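[1] Let's see this in three dimensions:
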Amino acid sequence: MAVNCLYVVAASTAASAAALQWWAASFLDAPRDGDVGGGDWLETSLRSHVTVALLANLAAHVLLVLLLALKTLFFVRLTSTETRKVLEHIINYVIYKGTFLPLVVPPNSQQIILWSTWLVLLCSLKMFQSLARERLECLNASPSATPLKYLRVYSALLLVLSTDLLWMKLCVGFCSSCNSKLFWLMLFEPLSIAFESLQSIMVHGFQLLDIWQRHLMDSGVDYLDFQKTYKQAAGSFSEWRGQLIRNFGFVIDLISLLMSLGHYSMIFWLRGMAFHLVDAVLLLNLRALVVSFLKRIKTYIKLRKALRSLDGALPDAKYDEICTYDDECAICRVNSFLDLQKLCRP
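    Next comes the predicted model:
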């Protein structure tokens, strides 16, 4: 069904390109009062509203073909739940990030095209980012997931990060060439997407490593006594990985909230205080972000205290104690991995 939809959209794109070519040729060949030089044909064509509409239609079709092709490449087919969540994410993102742009963006064609491109690109990146996260979580919980399937979806996160970095480079170059402070507003959301993508790449990279290790052990492949080495290193690696994910996730959450706070603050600063209803909505959004920022810090502090209490209740086991039970729990008879003195021991 997805492939058939891709074929239909591709055929529609080809028809849109042919219609644009036919209209442009007909428009340029039509008799006019003055002759048009070879360098003025583009300006002459863009004077026609029909030409602009056909160009916009072709651009929308090309974007749709690209998105469907990437979706088929990384995800093959979406479930109804994934489709619903993607639509919800896109709608919420457009509402929260795009609603206030008309307050500061000048109403001319160049600015509208530029910021529309900015919003469409960021929506596409957020869409693939959320899709990759949801699919990777499902694959991680599935016992039949293979490293190849996981890597296929994992590559979507790498594409999102590389595209976002390229877009930020273009934005920095564009902002450096312009004296207007408005264009620095372009950088907040791409930075947030970049940090969120880095977090997802790290978390799901560890999960990909686990799936690859389980696949090697299940297939009977044991390079250089891999299974024994895995058992010896599983406890310390799992504990170190958990600390890294927890601390890095906390930092990324704060950075994302700061980027959103900077986005709305920049809009508020560029617009100025006018005491309108829109200003009240902006202030409410800023207040909600500050509250979320402080709440995230308090939650992290409580988590650290709980983990310290847990470390005190379950101290690290000594090497002699581990060897006594052959690295197995005395009650459940499974590999302990985490070298802790469990409460289930007699």
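[2] show me where the stretch 151-300 of the chain has strands.
    Counting by DSSP state E, counting those that start in this stretch, the stretch 151-300 of the chain has no strands at all.
[3] Low-confidence regions, it specifically.
    Applying pLDDT under 70 to the stretch 151-300 of the chain flags the ranges 220-238, 273-274.
[4] how many other residues sit next to Gly173?
    If you count neighbours by other C-beta atoms under 10 Å, Gly173 ends up with 10. Where C-beta positions appear, they are placed from N, C-alpha and C, glycine not excepted.
[5] do you know how far it is from Val52?
    Applying C-beta to C-beta, to the nearest Å, the value for Gly173 to Val52 is 27 Å.
[6] likewise Ala11?
    Separation of Ala11 from Val52 (C-beta to C-beta): 23 Å.
[7] And for Ser26?
    From Ser26 across to Val52, the span is 16 Å (C-beta to C-beta).
[8] Have a look at the two and say which one is more surrounded.
    Val52 (13 against 9).
[9] quick one: Phe75 and Arg135 touch, right?
    Yes. Using C-beta atoms under 8 Å, Phe75 is in contact with Arg135, at 6.1 Å.
[10] which of those two has more neighbours?
    For Phe75 and Arg135, the more surrounded residue by other C-beta under 10 Å is Arg135, and the numbers stand at 23 against 19.
[11] from what I can see that one touches Ser155, true?
    No. Counting by C-beta under 8 Å, Arg135 does not reach Ser155; the two are 11.6 Å apart.
[12] Find residues that contact each of Phe75 and Arg135.
    Glu82, Val153 (C-beta atoms under 8 Å, 6 or more residues apart in numbering).
[13] So the nearest residue to Ile297 once chain neighbours are set aside versus Phe128, what's the distance?
    Distance criterion C-beta to C-beta, 6 or more residues apart in numbering; nearest residue to Ile297, sequence neighbours excluded, is Leu254 at 7.5 Å. For Leu254, the distance to Phe128 (C-beta to C-beta) stands at 24 Å.
[14] Between those two, tell me which one has more neighbours.
    A direct count of neighbours by other C-beta under 10 Å for Leu254 and Phe128 places Phe128 higher, at 22 against 16.
[15] list the contacts for the more buried one?
    So Phe128 contacts Leu70, Phe74, Ala156, Leu159, Val160 (C-beta under 8 Å, 6+ apart).
[16] Look up how far Arg246 lies from it.
    In terms of C-beta to C-beta, Phe128 sits 26 Å off from Arg246.
[17] follow-up on the earlier one: closest to Val105 among the contacts of Phe128?
    Nearest to Val105, judged by C-beta to C-beta, of those is Val160 at 25.2 Å.
[18] list the contacts for the residue nearest the centre of the chain?
    Closest residue to the average C-alpha location of the chain: Gln129 at 3.1 Å, with C-alpha atoms, centre = their mean. By C-beta under 8 Å, 6+ apart, Gln129 lies in contact with Ala156, Leu157, Val160, Ile193, Glu196, Ser197, Ser200.
[19] Quick check: pLDDT value at it.
    In this prediction, Gln129 carries a pLDDT score of 93.
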